[in-house]
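**Student:** what would the 3D arrangement of this be:
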Amino acid sequence: MALHLKLLNSKGLHRALFISFFAFFLLSLMSCENGLSKMRERLLSKWDKYTVTLTQPVSGGTITANPAIPGDGRVSEGTVIKFTVSPETNHRVKSWSGATVNPGNPNEATLTVNGDVAVSATMVRQYKVTLTQPVSGGTISAAIEGANTEIPEGGKFFDVGTEITFTVNPAEGYWVGSWRGATVSDDVNVATLTVSEDVIVSASIIPAGFVEVVTPPEAFFTTLETSTDLSSANPAAPGSPLPDFHYRGVFYENRRVKLSPYCMGKTEVTYRLWKEVHDWAMGHGYYFAHAGQKGAIWGGYDPDLHSDLEPVTLVS
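**Tutor:** The predicted structure follows:
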């Protein structure tokens, strides 16, 4: 009897030990699986993330990202990021790199992360070009690379460096007298502008009956020796005290010049009419070395002895 109980106790102990061991094995296995799972997650979290680098413009605006890019730049694969530029005044987004621009809003671009990528936006400065149409005698059109472009009455902004060609279409019996804000070409009806600042472009159109169009021959003119010493008037002369703009029209000895077509008045202009033109020009950025005077040029000139209806002289 005692032996039988001893055997039973021995079998129970073995069963208990077996159950305990099996339970410990299961717990260890579960713990190990859990550890492996966490390790797998950590590894995958490294493997399915990519570096997104956002470079801000040097000037002209700032870029924000939504969602924000972490400090280490690591973003999970498949994440959709929206980039938005806040342009500074008179700037626009010229292009995006690394992200796809929103067709309806050039200030926005999106990115679906699927690899390492650098995102940036190129900004461009813009300036306002205002085109003033003549009161009468013709119209002015504008074109960029041969394609007409409309410039509304209030002006239009263009990228810096844009080259615009302006063309006057004069009515019959009218000529282009001068251009303002653009550089006249060999054809007096055409002027060009490379945008670099805010500018107003206009052309004065005058009746052909008041002027004679002079077309010089296709050749250079070499000025002849003169008895007057003009060396000090040469802006290129070493040590010349005179500013270039003041003597651009001086024909010092052996200077070679090529003349473009120009208009010459058929009749004299009264000082009264010239004064109106002069005052307008001075208010619009023009400069005159000599503002003109009534009548006689030399011989003790006294303006009180002359009338506004006399011809204007000494204008340069």
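
**Student:** can you tell me the SS state at His278?
**Tutor:** helix (DSSP: H, G, I helix; E, B strand; the rest coil).

**Student:** ok, now which ones touch it?
**Tutor:** Residues near His278 by Cβ atoms under 8 Å, 6 or more residues apart in numbering: Phe288, Ala291, Gly292. In short, each C-beta sits where N, CA and C put it, glycine included.

**Student:** filter these down to the ones in strands?
**Tutor:** Secondary structure from DSSP state E places Ala291, Gly292 of the contacts of His278 in strands.

**Student:** CSV for the contacts of His278, including pLDDT, neighbour count and distance to Asn105?
**Tutor:** Converted to CSV, these look like this (pLDDT from 0 to 100; neighbours: other Cβ atoms under 10 Å; distance: Cβ to Cβ, whole Å):
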residue, pLDDT, neighbour count, distance to Asn105
Phe288, 80, 11, 50
Ala291, 80, 16, 53
Gly292, 82, 17, 55
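
**Student:** beta partners of the closest residue to Glu145 other than its chain neighbours?
**Tutor:** Counting by Cβ to Cβ, 6 or more residues apart in numbering, Glu145 lies nearest to Glu163, which is 7.7 Å off, once chain neighbours are set aside. With DSSP bridges as the criterion, Glu163 is bridged to Thr194.

**Student:** can you give the domain ranges for this structure?
**Tutor:** According to automatic domain parsing, the chain comprises the domains 50-124, 132-211, 221-315.

**Student:** in stretch 282-293, what's buried?
**Tutor:** Ala291, Gly292, Gln293 (16 or more other Cβ atoms under 10 Å).

**Student:** residues in contact with Gly61?
**Tutor:** Going by Cβ under 8 Å, 6+ apart, Gly61 touches Val85, Ser86, Pro87, Glu88, His91, Val93, Ala121, Met123.

**Student:** what about the second one, how many neighbours?
**Tutor:** Same thing as Ser86. Ser86 has 10 neighbours, counted by other Cβ atoms under 10 Å.

**Student:** before we move on, what SS does it have?
**Tutor:** strand.

**Student:** just for the stretch 1-150 of the chain, where's the confidence low?
**Tutor:** 1-47 (pLDDT under 70).

**Student:** if we go to 90?
**Tutor:** Applying pLDDT under 90 to the stretch 1-150 of the chain flags the ranges 1-48, 134-137.

**Student:** okay, Asp159 and Ala109: tell me how far apart.
**Tutor:** Counting by Cβ to Cβ, to the nearest Å, the separation of Asp159 from Ala109 is 19 Å.

**Student:** among those two, which residue is more densely surrounded?
**Tutor:** Neighbours were counted for Asp159 and for Ala109 using other Cβ under 10 Å; Ala109 has more, 23 against 13.

**Student:** confidence score at the closest residue to Ala289 other than its chain neighbours?
**Tutor:** Spatially, and ignoring its direct neighbours in sequence, Ala289 is nearest to Ser316 (4.9 Å; Cβ to Cβ, 6+ apart). According to the prediction, Ser316 has pLDDT 75.

**Student:** go ahead and confirm Ser316 touches Gln293.
**Tutor:** No - assessed by Cβ atoms under 8 Å, Ser316 is found out of contact with Gln293, at 11.6 Å.

**Student:** burial of Val195, as a residue count?
**Tutor:** Residues within reach of Val195, counting by other Cβ under 10 Å, total 19.

**Student:** same check on Ser97?
**Tutor:** As a burial measure, Ser97 scores 12 neighbours (other Cβ under 10 Å).
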